[in-house]
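Engineer: here is my input, please return the structure:
(3 chains)
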Amino acid sequence: MPELPEVECIVRSLRPWLEGRRIEAVEIRSPLAAAGDPEPLRRFLAGRRVEAVRRLGKFILFDLDEGVCAIHLRMTGRLLWQGGEGSYTRAVIRFSHGRLLLDDTRQFARIYAGSAMPEPLERLGPEPFELPAAEFCSRLRARRGRIKPLLLDQRFLAGLGNIYADESLHRARIHPLQPAATLSSRRAERLHNAILAVLEEAIAAGGSSISDYVDGEGRSGRFQLLHRVYGREGQPCPACGTAVRRIVAAQRGTWFCPRCQPCRPARALQPARRPLAGRLSTGR
DNA sequence: ATCTATTCCTGGCTGC
DNA sequence: TGCAGCCAGGAATAGA
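Structural biologist: Below is the predicted model of the structure:
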């Protein structure tokens, strides 16, 4: 599942091949690969020059001489420079000096193109690396939900997925179901630091190759070897040796260490003790 | 506002 | 061995 680090690695591997080059033609092998009608997409992209290749959240973005092309790989998508065609090749973007293949077994990946920024990219929240800790903390405090689903919400923060949400929470020693607004500023800041550290280390390791991920030149990542909790149910936590637990949060498998990551709401925000009354209005 | 369930899709796994 | 049934999961969407 390409998340921010994987997409960043793909972008870096493709940049030297694509920047400044002109798209000759686009073939959509599976109509599902196109967001909207394949034919207008094909026509829009043909003849356009790729000015820049960059990442926005989990989107791969081509700035064109006119408009943009954005690709989201979702779960099993791969973008391969000079890749060999197979039965999962869903689209081919041809250049004079080679071709870029979109491979995708499950067909969730989408190619967007247009004169303006496609709608899904407009909805993205801030980039982790561009969000100051103080602002991260205040955004957390404004939310009522649990921390893990919040980290997966691309409008809250762009780029984290299931792997890096779990790994960040483990490093920050925060329980995935902890209500976001109950995190003390110290712990919120710790989470911010953990997110940046995990993402940086994952990028440096070439991303996580669990099942499908490879970069634009077909290279696997190595960060999966450094996962501390993700996908490691029953295995010892690298920090304390306790068996990693798996629960489901926001319909996602969620792994954490029950000892390192206790659910610990901040005192000030705990409901007032009310022996018999249950849930009475506080009068606000 | 926030939650859950559902949908998309298909390889891989489980269990009989 | 074969096959049905279920699962994973990012994001959009509908409904509570």
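Engineer: okay, CA-based contacts and neighbour counts for the rest of this
Structural biologist: Will do.
Engineer: in three-state terms, label the closest residue to residue A:250 other than its chain neighbours for me.
Structural biologist: Nearest in space to residue A:250, with sequence neighbours left out and distances taken as Cα to Cα, 6 or more residues apart in numbering, is residue A:149 at 5.7 Å. State at residue A:149, reduced to three classes by DSSP: H, G, I helix; E, B strand; the rest coil: helix.
Engineer: per-residue confidence for residue A:149?
Structural biologist: Note for residue A:149: predicted pLDDT of 95.
Engineer: what do you get for the one 3 residues further on?
Structural biologist: You'll see residue A:152 listed with a pLDDT of 95.
Engineer: residues touching it, list them.
Structural biologist: If you count contacts by Cα atoms under 8 Å, 6 or more residues apart in numbering, residue A:152 has them with A:160-162, A:165.
Engineer: on that earlier part again, relative to DNA strand C, how far out is the residue nearest to residue A:250?
Structural biologist: Here residue A:149 is placed at a distance of 10 Å from DNA strand C (Cα to the nearest atom of the strand, to the nearest Å).
Engineer: verify the stated contact: that residue with residue A:248.
Structural biologist: No: Residue A:149 sits out of contact with residue A:248 when judged by Cα atoms under 8 Å, with a separation of 10.5 Å.
Engineer: compare the two (neighbour count), which wins?
Structural biologist: Using other Cα atoms under 10 Å, the more surrounded residue of residue A:149 and residue A:248 is residue A:149, with 20 against 11.
Engineer: can you list the residues of chain A near DNA strand C?
Structural biologist: Counting by Cα under 7 Å from any atom of the strand, the positions of chain A adjacent to DNA strand C are A:1, A:58, A:74-75, A:106, A:108, A:120, A:152-154, A:159, A:161-163, A:252-253.
Engineer: those residues: which two are farthest apart?
Structural biologist: Across the residues of chain A next to DNA strand C, no pair lies farther apart than A:120 and A:253, at 24.5 Å, counting by Cα to Cα.
Engineer: chain A: strands as residue ranges?
Structural biologist: Ranges of strands in chain A, per DSSP state E, are A:23-28, A:50-56, A:59-64, A:68-72, A:77-81, A:89-95, A:98-104, A:110-114, A:245-249, A:252-256.
Engineer: contacting residues for the nearest residue to residue A:194 once chain neighbours are set aside?
Structural biologist: Among residues not flanking residue A:194 along the chain, residue A:168 sits closest, at 5.2 Å (Cα to Cα, 6+ apart). By Cα under 8 Å, 6+ apart, the contact set of residue A:168 is A:191, A:194-195, A:198.
Engineer: so which of the residues you listed are in helices?
Structural biologist: Secondary structure from DSSP state H places A:191, A:194-195, A:198 of the contacts of residue A:168 in helices.
Engineer: of these, just say which sits nearest to residue A:29.
Structural biologist: residue A:198 (36.3 Å).
Engineer: ok, the closest one touching residue A:164?
Structural biologist: Yes: contact criterion Cα under 8 Å: residue A:198 and residue A:164 qualify, at 7.0 Å.
Engineer: those two: which has the busier surroundings?
Structural biologist: residue A:164 (24 against 19).
Engineer: quick check: residues of the stretch 151-284 of chain A near DNA strand B?
Structural biologist: So the stretch 151-284 of chain A meets DNA strand B at A:249-251 (Cα under 7 Å from any atom of the strand).
Engineer: and those residues as JSON lines, adding neighbour count and distance to residue A:86?
Structural biologist: As requested, those are exported to JSON lines (neighbours: other Cα atoms under 10 Å; distance: Cα to Cα, whole Å):
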{"residue": "A:249", "neighbour count": "15", "distance to residue A:86": "36"}
{"residue": "A:250", "neighbour count": "12", "distance to residue A:86": "34"}
{"residue": "A:251", "neighbour count": "8", "distance to residue A:86": "32"}
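Engineer: Serialize the residues you listed to a markdown table and add fields for pLDDT.
Structural biologist: Output for those, formatted as a markdown table (pLDDT from 0 to 100):
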| residue | pLDDT |
| --- | --- |
| A:249 | 91 |
| A:250 | 88 |
| A:251 | 89 |
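Engineer: stretch A:172-185 - what's its average pLDDT?
Structural biologist: Mean predicted lDDT for stretch A:172-185 stands at 95.
Engineer: list the contacts of that stretch.
Structural biologist: Stretch A:172-185 is contacted by residues A:137, A:140-148, A:150, A:166, A:169, A:187, A:190-191, A:193-194, A:249, A:254, A:256, A:258, A:260-266, A:269 when judged by Cα under 8 Å, 6+ apart.
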